[in-house]
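Student: generate a structure from the sequence data that follows.
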Amino acid sequence: MLISIVIPLYNKEKFIKNTINSVLRQSYKDFELVIVDDGSTDDSVNIVKSISDSRIRIISKQNEGVSKTRNRGIIEAKGEYIFFLDADDYLVPEALNILYDLMKCYPQKDIYVASYIEKNDMGIIHKKNICKISGNVSNPLKSLWKREISSRVGCSLIQKNHISINGGFRTDISLYEDFDFIVKMEEHASLACSKEVILEYRRGHEGLSFKKVPIERELVGSLILKNYKGYRKRIMADYLFRRFLKYLLLLDINSALKILKNNGSYIIYAMIMFLWRGIQTHRFLE
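Tutor: The predicted structure follows:
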């Protein structure tokens, strides 16, 4: 079965070769690697072109941001299932095989999820994100809220048709768009999970903590809790309250007030959900 690995690429000349090599070293061989260049201005594209493998396809487009770049990759993908990989992350050699074995045990699921680890710039493990469930997941959003399964796009093998039905990445935001996407994908999905680690995620100086993005371009800037129900509402309430606290700690009062403007009547609900989830999982500000 053909798996499409989609990599959005923008100015990652320091990392892209290692990322591609981690894909080419996979023990599972039936894949295509769709690299969508988002108008890189460094040597990234030349590095990709220097690697000779018939499974690699390079799509070039003008700079439009990661969401439109990933959405283009979805359109270009020929496989039944899609795996999104960032241009500076690293797949372990058995990653696709682990997901394929999971698929054979639990066929025809919309999504297959596995675990990952975070490493810093020195290659030292910063954090382990190990799924607590192995096998079928009866309520994906409940398990996501309880942090029993991974919430990272780069650990999820998703059926292309499931993406088409539920829509791709939001293009009106540029921060936490991947989190919004995975929650949307898992809301009405059949899902199976593996505890095995498949991804090394680089948590470096270009991570989310260092991005300077106006709140209008962040998920929380357009988040209206009354539009959600069930565990999706709980997940978004938890996210909202964490971002609200973050802005307060940064003394960014204007952004905190914008959150209150959109969700003032729900902020107590968000606080209760945040505290309840923390009690349930023993994890608060992670």
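Student: quick one: strands adjacent to the one helix or strand residue 35 maps to?
Tutor: Counting by DSSP states H and E, the element that carries residue 35 is strand 31-38. Partners of strand 31-38 in the sheet, by DSSP bridges, are strand 3-9 (parallel), strand 56-61 (parallel).
Student: give me the contacts around the last one.
Tutor: In this case it means strand 56-61. 20, 32-39, 45, 48-49, 68-69, 72-73, 76 (CB atoms under 8 Å, 6 or more residues apart in numbering). In this view, the C-beta of every residue, glycine as well, is placed from N, C-alpha and C.
Student: relative to residue 66, how far out is the residue positioned nearest the centre of the chain?
Tutor: The geometric centre of the chain, computed from its C-alpha atoms, lies nearest to residue 153 (CA atoms, centre = their mean), at 2.5 Å. Counting by CB to CB, to the nearest Å, the gap from residue 153 to residue 66 is 11 Å.
Student: cool, residue 254 as well?
Tutor: 26 Å.
Student: higher neighbour count, those two?
Tutor: residue 66 (19 against 8; other CB atoms under 10 Å).
Student: so how many other residues sit close to the closest residue to residue 3 other than its chain neighbours?
Tutor: Nearest residue to residue 3 in three dimensions, chain neighbours excluded: residue 31, at 4.4 Å (CB to CB, 6 or more residues apart in numbering). Residues lying near residue 31 (other CB under 10 Å) number 20.
Student: my guess is residue 31 meets residue 4, correct?
Tutor: Yes: counting by CB atoms under 8 Å, residue 31 does reach residue 4; the two are 7.2 Å apart.
Student: in the helix ranked longest in the chain, what's buried?
Tutor: When the chain is parsed with DSSP state H, its longest helix is helix 230-249. For helix 230-249, burial by neighbour count (16 or more other CB atoms under 10 Å) applies to 231-244, 247.
Student: try stretch 49-58
Tutor: Buried, per 16+ other CB under 10 Å, within stretch 49-58: residue 56.
Student: so what's the gap between it and the chain middle?
Tutor: 24 Å (CA atoms, centre = their mean, to the nearest Å).
Student: now do the same end-to-end measure for it.
Tutor: Stretch 49-58 has an end-to-end distance of 8 Å (criterion: CA to CA, to the nearest Å).
Student: related to what we said a few turns ago, tell me the one among the buried residues of helix 230-249 nearest to residue 92.
Tutor: residue 235 (27.6 Å; CB to CB).
Student: residue 274 versus the closest one, what's the distance?
Tutor: For residue 235, the distance to residue 274 - CB to CB - is 11 Å.
Student: quick one: residue 128 is in a strand?
Tutor: Yes: the assignment for residue 128 (DSSP: H, G, I helix; E, B strand; the rest coil) places it in a strand.
Student: hang on, isn't residue 70 packed against residue 35?
Tutor: No: Residue 70 is beyond contact range of residue 35, at 11.7 Å (criterion: CB under 8 Å).
Student: what sits against the residue nearest to residue 3?
Tutor: Residue 31 neighbours (CB under 8 Å, 6+ apart): 2, 3, 4, 5, 23, 55, 79, 96.
Student: quick one: list the elements packing against the single longest strand found in the chain.
Tutor: Criterion DSSP state E: the longest strand present in the chain is strand 191-202. Packing contacts for strand 191-202, counted by 3 or more CB pairs under 8 Å, 6 or more residues apart in numbering; DSSP states H and E, involve strand 90-91, helix 95-105, strand 111-119, strand 135-137.
Student: now do 10 Å
Tutor: helix 16-24, strand 90-91, helix 95-105, strand 111-119, strand 125-129, strand 135-137, helix 140-145, strand 156-159 (3 or more CB pairs under 10 Å, 6 or more residues apart in numbering; DSSP states H and E).
Student: return the distance of the third one from the chain's centre.
Tutor: How far helix 95-105 lies from its chain's middle: 19 Å, per CA atoms, centre = their mean.
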